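**Student:** Task: produce atomic coordinates for the following.
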Amino acid sequence: MAVTIKDVAKLANVAPSTVSRVIADNPRISEETKERVREAMKELGYHPNFIARSLANQSTQALGLVMPSSADKVFQNPFFPEVIRGISTMAHEKDYALYMSTGETEDEIFEGVVKMVQGKRVDGIVLLYSRIDDEVINYLVENKFPFTVIGKPFKDADSITHVDNDNYLASKEVTEYLIGLGHDRIAFVGGSLNLVVTIDRLLGYEKALRNSNLVYRDDYIVQEEFLKEGGREAVKELLALTDPPTALVVTDDIMALGVLNTLAEMGISVPDDISVVSFNNSMFSEVSRPPLTSVNINIFDLGCTAAKYVIEQIENPSGHVKRVIVPHKLVKRQSCKEKSLQLKTVE
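**Tutor:** Got it, this is the predicted structure:
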C-alpha cells in the first residue's frame with residue numbers, strides 16, 4: 001500500500017497540513033520541524049506527488065529550454081550538452097523538470113515557445129542563445145513570462161535577466177595574444193552575424209587590431225555555422241586568398257576542430273605553419289591534435305546560473321532583473337606559436 005502524507009504526519013507527530021507545508025518549503029515552518037518531517041519521509045520512502053501539487057498551485061514545476069536550431073545540429077556542438085548539464089543540476093536541486101523545444105526555422109522555434117506558454121507546459125523558459133530582433137524575446141516580454149537568456153539580449157539588456165561572458169573582452173584578449181606572438185595577418189572565423197555572441201567577438205577582434213594599428217580586412221572575416229563543416233569551409237576560403245592569414249581566431253571549438261582537420265588534410269601544420277585559438281574550452285580542445293588554445297567560458301556555470309535566476313523569477317515575480325557576467329580565462333595549449341618561430345608561413 002502506498003505511503004501517504006497522513007502516514008508521514010503520524011510518524012513525525014505533526015498535522016498532515018504541516019507535512020504539505022514542509023514539502024512546499026514554507027518559511028513559516030521551523031527548521032527543526034522540517035528536519036523531523038523529512039526524516040519521516042525518508043524512513044517511510046515517501047515521495048511527493050508533484051503532479052497533484054502542480055494542479056493545486058497552478059504550477060508545472062518545469063522549465064522550458066529553447067535551442068537556437070534543430071536538435072541534430074545543436075547536439076553536434078558540445079556547448080549545448082554542457083550548458084544543459086548546468087541547467088539540469090540547478091533544476092534538480094529545486095525539483096524542476098526540463099522541457100526541451102527545438103525547431104528547424106525561427107518560425108518553428110517561435111511556435112514551440114508559444115505552445116509552451118499558452119499550453120501552460122512550463123513555469124519559465126531559458127533561451128540558450130541571443131539573436132538580433134528575436135521574436136521569442138519580444139513575445140516573452142509582452143506576456144510577462146519568466147525567462148532568462150544565456151547570452152546578451154540585442155536590445156533592452158538592462159531590463160532582461162541574462163547570463164553571459166564578456167565576449168567582446170575575451171575576443172579582444174585572444175586577438176592581442178596572437179598579436180603578441182608577432183602575427184599581423186589574423187583572420188576571424190565566426191558564426192552567424194544574426195547571433196549577438198558573434199557580433200561581440202567580432203567587435204573585440206576588430207578593436208585589438210585597430211589598437212595595434214593592424215589593417216582590418218573584410219576578406220579575413222568568415223561566417224559559418226557553429227559546426228565542424230563550418231570550420232572546414234572557412235579554412236578553405238581563407239587559404240585560397242593571395243595573402244592568407246598566419247593565425248586564426250575561431251569562435252567555437254567544434255568549428256576549430258573542422259579547421260584543424262582540414263589543415264591536416266592540406267599538409268599545413270598547426271602551429272608550425274599557422275596558429276589557431278578558439279572558444280569554449282570543450283573536451284574537443286583537449287583531445288584535438290594539437291591540443292587547442294581555447295577560452296574557457298565556464299559553460300556549466302552559464303547554465304546553472306541561468307536556471308537559478310529563472311526559478312527565482314518564478315518564485316518571486318517582483319524580484320530585480322539580474323545581469324550576470326561569468327568569468328572567462330584563456331587556456332594556452334599547443335596550437336599557437338610565435339610567428340618568427342614558425343617553420344614557414346602559408347603563403
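
**Student:** After the helix or strand Glu286 falls within, which helix or strand is next? Please name it.
**Tutor:** With elements taken from DSSP states H and E, the one containing Glu286 is helix 283-287. For helix 283-287, the following helix or strand on the C-terminal side (DSSP H and E) is strand 293-296.

**Student:** who does that following strand touch, helix- and strand-wise?
**Tutor:** Counting contacts by 3 or more Cβ pairs under 8 Å, 6 or more residues apart in numbering; DSSP states H and E, strand 293-296 is packed against helix 167-180, strand 275-279, strand 329-331. Glycine gets a C-beta too; all of them are placed from N, C-alpha and C.

**Student:** redo that, cut-off 10 Å
**Tutor:** Judged by 3 or more Cβ pairs under 10 Å, 6 or more residues apart in numbering; DSSP states H and E, the packing partners of strand 293-296 are helix 167-180, helix 253-265, strand 275-279, helix 283-287, strand 329-331.

**Student:** on that earlier part again, sort out which residues of the helix holding Glu286 are buried, please.
**Tutor:** Residues of helix 283-287 classed as buried: Phe284, Ser285 (neighbour count, 16 or more other Cβ atoms under 10 Å).

**Student:** For that helix, output the C-alpha coordinates as CSV.
**Tutor:** What follows is helix 283-287, C-alpha atoms only, in CSV (Å, rounded to 0.1, in the frame of the first residue of the first chain):
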residue,chain,number,x,y,z
MET,A,283,36.6,18.4,-24.4
PHE,A,284,37.5,18.7,-28.1
SER,A,285,40.1,21.4,-27.3
GLU,A,286,42.0,19.0,-25.1
VAL,A,287,41.9,15.9,-27.3
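
**Student:** what's that helix packed up against?
**Tutor:** For helix 283-287, the packing partners by 3+ Cβ pairs under 10 Å, 6+ apart are helix 253-265, strand 275-279, strand 293-296.

**Student:** Least reliable of these by average pLDDT, please.
**Tutor:** Out of the helices and strands packed on helix 283-287, helix 253-265 stands lowest, with a mean of 91 (criterion: mean pLDDT).

**Student:** Isn't Arg121 up against Ser59?
**Tutor:** No. With contact defined as Cβ atoms under 10 Å, Arg121 does not count as touching Ser59 (11.6 Å).

**Student:** Those two - which one has more neighbours?
**Tutor:** The residue with more neighbours, out of Arg121 and Ser59, is Ser59; 16 against 13, by other Cβ atoms under 10 Å.

**Student:** Quick check: pLDDT value at that one.
**Tutor:** Per-residue confidence for Ser59 comes out at a pLDDT of 73.

**Student:** how about the residue nearest to it when sequence neighbours are not counted, what does it touch?
**Tutor:** Spatially, and ignoring its direct neighbours in sequence, Ser59 is nearest to Asp123 (5.6 Å; Cβ to Cβ, 6 or more residues apart in numbering). Neighbour list for Asp123: 54, 58-64, 96, 99, 145-146, 310-311, 313-315 [criterion: Cβ atoms under 10 Å, 6 or more residues apart in numbering].

**Student:** tell me which residues of stretch 140-155 are tucked away?
**Tutor:** Neighbour counts using 16+ other Cβ under 10 Å place Leu140, Phe145, Pro146, Phe147, Thr148, Val149, Ile150, Gly151, Lys152, Pro153, Phe154 of stretch 140-155 among the buried residues.
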